[in-house]
Structures are given as structure tokens and as C-alpha cells.
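Visitor: Next comes the sequence, and after it the predicted model I'd like to discuss.
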Amino acid sequence: MVWYVLTNCPEVEEYMEVCREEIRRRGVINIEHTLKKEFPTWFEKHIYTLGEQHVSADLYSLACGPNKRIVVYSACNVNGVRYHTFDREKKRKTQNSGIMVKEIVNNVETQYYGVLKEVLELRYPKNKHGERSIFLFRGDWFDLHGKATGMKDDGYFKSLNVKALRYKKDPFILASQAEQVFYMEDTKYGKDWNVVQTFSHRHLYDVPELETGELNATDAYQEEMPSTTSTVKDIDQLLDTYSRDDEEGTPVHASIVYDLLKDDNNYDEDSGTDDDGQEDGALSENEHSSDDD
């Protein structure tokens with residue numbers, strides 16, 4: 001996990017290249033394997049030697065490494081998009097566990113599809129900006145290139161075999177890298193296949209879960225940009241229907257409103273019978289149909 005964070009931080013690249021060159025001068029054959037093993041410790045010592053005043057506060061916290069205790073969540077809101085782990089939504093009708101990440105190599109974009117298994121929070125030492133945390137997604141990633149289980153793309157739909165998994169030793173991505181997708185049953189290829197559907201997000205979940213403004217204990221929040229939040233409350237339908245905003249209202253007892261509504265309904269029934277000239281039998285039949293509905 002820590003290695004993935006370091007390799008996805010642009011500020012770390014120059015230090016990683018220095019460490020790589022030192023390993024190369026030692027005559028090591030498998031340079032990348034040694035770099036992955038030694039760089040976190042080398043990086044911490046190197047930044048400590050430079051001194052906190054010569055690097056950014058974020059880089060210094062990153063070099064110190066995260067707390068050994070990792071916080072695990074079953075849901076996460078990232079830039080207004082809500083994610084659930086696959087296990088959390090097993091008994092739900094909604095789907096928020098589908099994830100996709102893009103990788104660009106030599107100007108060629110590759111997309112990887114999977115489902116979210118865990119949301120992990122790495123907590124780094126505090127600095128003058130306060131708490132420093134990085135959120136990771138651990139996913140189950142589908143095999144897109146297998147001979148029998150690879151992705152099938154007919155130009156209209158992309159079908160994935162959800163039973164064939166890959167990248168089990170490299171399952172992590174940054175939460176901010178994820179894009180949400182949906183999976184639907186593929187009626188053409190069978191039960192082990194799903195059609196993946198991408199869409200444009202409306203970023204609805206920039207709103208606190210509770211009216212107190214406190215976050216749900218099982219949810220995590222990470223945003224690239226700060227957003228203005230507000231609490232949404234339900235409005236009573238009756239008050240919404242019979243309310244005015246052009247003048248100050250007068251409080252009345254609920255029983256008075258009930259009686260007025262009851263009289264109004266009785267008036268509508270009587271006037272409807274007289275005006276339309278309907279027979280009693282026809283009116284009775286309509287009332288019965290309304291009750292059944």
C-alpha cells in the first residue's frame with residue numbers, strides 16, 4: 001500500500017530516481033525489485049537529513065510513513081460520488097461498488113474494471129495543516145485479456161467475466177483515481193458475464209449524512225477540492241401544499257385543517273355527481289376501482 005502511494009506522488013519521483021541510481025551503482029541486477037524494498041526507508045532518512053524546512057509539509061509527512069494502524073471503511077464519498085463495498089450492498093437493490101481506473105502508457109489509455117472490496121485510510125503524521133490522510137481502494141479486478149475470459153467488445157457493449165480475477169498482488173488504487181461504473185447481467189454470454197455501463201456523475205454526495213454535520217462512522221470522505229455543504233431536511237407534504245410565502249401566516253389547530261379538507265372532499269364528490277349527471281352505479285364503480293388502486 002505504501003509503495004503504491006509513493007509511486008503515485010509526483011513530488012517523490014525525483015527522489016526515487018536518486019535512490020534508483022544509487023542501487024544501480026551497487027551493481028544490483030534486479031533494480032526495480034530492490035527499489036521497491038529499500039526506497040521507503042531510504043526516502044524517510046533522506047528527507048530527514050534534508051530537514052523539514054527544505055521540503056513541503058506534505059512531503060515531509062509522506063516520508064515519515066503512515067501510522068501502523070489502518071482504518072477500514074465500508075463506504076466512501078469521493079468528490080460527491082458515493083461508493084459502497086461489494087459485501088455491504090449484497091442485500092441491497094442499489095449498486096455503488098463498481099469501479100474503473102485508467103492508465104496511460106506511451107499515450108495509450110487502458111481501462112481496468114473491478115469491484116470495491118475495502119476502503120482503507122492511511123493516517124500520516126500531523127503538520128501545520130492538520131491531519132494528513134490518504135484513502136485507498138482495494139478492489140477485485142477482472143481479467144480483461146484471458147483467452148476464454150477476456151473482455152468482449154462488439155463496439156456497442158463491453159462484457160466482462162466477473163469470475164475471472166487478476167492483479168491479486170496489486171489490488172490498490174488511490175480513491176481519487178477511481179471512476180464509478182455499473183454492471184448488468186449479460187443475457188448473451190451467461191451468468192458469469194456482466195455488461196459494464198459508464199456514466200457522468202452529478203456529484204450528489206457533497207452533503208453530510210447527519211443533520212448534526214457529523215460523518216457516519218462507517219463512511220469516509222475524500223475530496224480533491226473543498227465544497228460547500230448544507231443539510232437537507234424533509235418537508236411535510238401537507239404543509240408544502242397549503243403554504244404561502246407572500247404574507248405572514250396565522251397558526252391554526254390541525255383539527256381545523258382536517259375538517260376543512262374533509263368538507264372540501266365532500267363538496268367535490270357532491271358537485272361531481274350533479275354536474276356530470278352520473279348514475280349512482282357508475283360513481284360506486286369508480287370509487288371501488290380507486291380503493292383497489
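Guide: Yes, it's here.
Visitor: give me the low-pLDDT residue ranges for the stretch 1-150 of the chain?
Guide: For the stretch 1-150 of the chain, the stretches with pLDDT under 70 are 127-130.
Visitor: And the strands in it?
Guide: Remark: strands assigned in the stretch 1-150 of the chain by DSSP state E, counting those that start in this stretch are 71-73, 75-78, 81-84, 98-105, 108-127, 130-142.
Visitor: Who are the packing partners of the shortest one?
Guide: Packing partners of strand 71-73 (3 or more CB pairs under 8 Å, 6 or more residues apart in numbering; DSSP states H and E): strand 108-127, strand 219-222. Using the backbone N, CA and C atoms, a C-beta is placed for each residue, glycine as well.
Visitor: tally of neighbours for Gln197?
Guide: The number of residues packed near Gln197 is 12, by other CB atoms under 10 Å.
Visitor: Do I have it right that it meets Glu179?
Guide: No: at 11.9 Å, Gln197 does not count as touching Glu179 under the criterion of CB atoms under 8 Å.
Visitor: returning to that earlier point: which stretch among the helices and strands packed on strand 71-73 comes nearest Arg25?
Guide: Smallest distance to Arg25 across these (CB to CB): 30.9 Å, for strand 108-127.
Visitor: Partner strands of the closest one and their direction?
Guide: strand 71-73 (antiparallel), strand 98-105 (antiparallel), strand 130-142 (antiparallel) (DSSP bridges).
Visitor: For these, could you give me a markdown table that also reports mean neighbour count and distance to Arg88?
Guide: As requested, those are exported to a markdown table (neighbours: other CB atoms under 10 Å; distance: least, CB to CB, whole Å):
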| stretch | mean neighbour count | distance to Arg88 |
| --- | --- | --- |
| strand 71-73 | 15 | 10 |
| strand 98-105 | 15 | 13 |
| strand 130-142 | 19 | 13 |
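Visitor: Distance to Lys191 for those strands - can I get that in JSON lines?
Guide: Shown next, in JSON lines, are the strands paired with strand 108-127 (distance: least, CB to CB, whole Å):
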{"stretch": "strand 71-73", "distance to Lys191": "30"}
{"stretch": "strand 98-105", "distance to Lys191": "17"}
{"stretch": "strand 130-142", "distance to Lys191": "15"}
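Visitor: Minimum distance to Glu44: which of those strands has it?
Guide: Nearest to Glu44, of the strands paired with strand 108-127 and by CB to CB, is strand 130-142 at 15.0 Å.
Visitor: on that earlier part again, of the strands paired with strand 108-127, which is nearest Trp3?
Guide: strand 130-142 (11.4 Å).
Visitor: After the closest one, which helix or strand is next?
Guide: strand 152-153 (DSSP states H and E).
Visitor: counting contacts, what elements does that next one pack onto?
Guide: strand 158-161.
Visitor: what's the strand it packs on packed up against?
Guide: Counting contacts by 3+ CB pairs under 8 Å, 6+ apart, strand 158-161 is packed against strand 152-153, strand 190-197.
Visitor: export those strands to CSV and tack on distance to Ile29?
Guide: Output for the helices and strands packed on strand 158-161, formatted as CSV (distance: least, CB to CB, whole Å):
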stretch, distance to Ile29
strand 152-153, 39
strand 190-197, 41
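Visitor: got JSON lines for those strands, with distance to Tyr73 and mean pLDDT too?
Guide: JSON lines is the format used below for the helices and strands packed on strand 158-161 (distance: least, CB to CB, whole Å; pLDDT from 0 to 100):
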{"stretch": "strand 152-153", "distance to Tyr73": "33", "mean pLDDT": "90"}
{"stretch": "strand 190-197", "distance to Tyr73": "24", "mean pLDDT": "90"}
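Visitor: Quick check: which of these is nearest to Val81?
Guide: strand 190-197 (15.0 Å).
Visitor: Report the contact partners of Ala63.
Guide: Shown in contact with Ala63 (CB atoms under 8 Å, 6 or more residues apart in numbering): Phe43, Glu44, His46, Ile47, Tyr48, Val55.
Visitor: Just the buried ones among those, please.
Guide: By neighbour count, with 16 or more other CB atoms under 10 Å, the contacts of Ala63 hold Phe43, Ile47, Val55 as buried.
Visitor: so which of these comes closest to Lys93?
Guide: Looking across the buried ones among the contacts of Ala63 and measuring by CB to CB, the closest to Lys93 is Phe43, at 46.1 Å.
Visitor: Just put the helices and strands packed on strand 71-73 in a markdown table and tack on mean neighbour count and distance to Asn161.
Guide: Below are the helices and strands packed on strand 71-73 laid out as a markdown table (neighbours: other CB under 10 Å; distance: least, CB to CB, whole Å):
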| stretch | mean neighbour count | distance to Asn161 |
| --- | --- | --- |
| strand 108-127 | 17 | 11 |
| strand 219-222 | 19 | 30 |
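Visitor: If anything else comes up later, I'll come back, but that's it for now.
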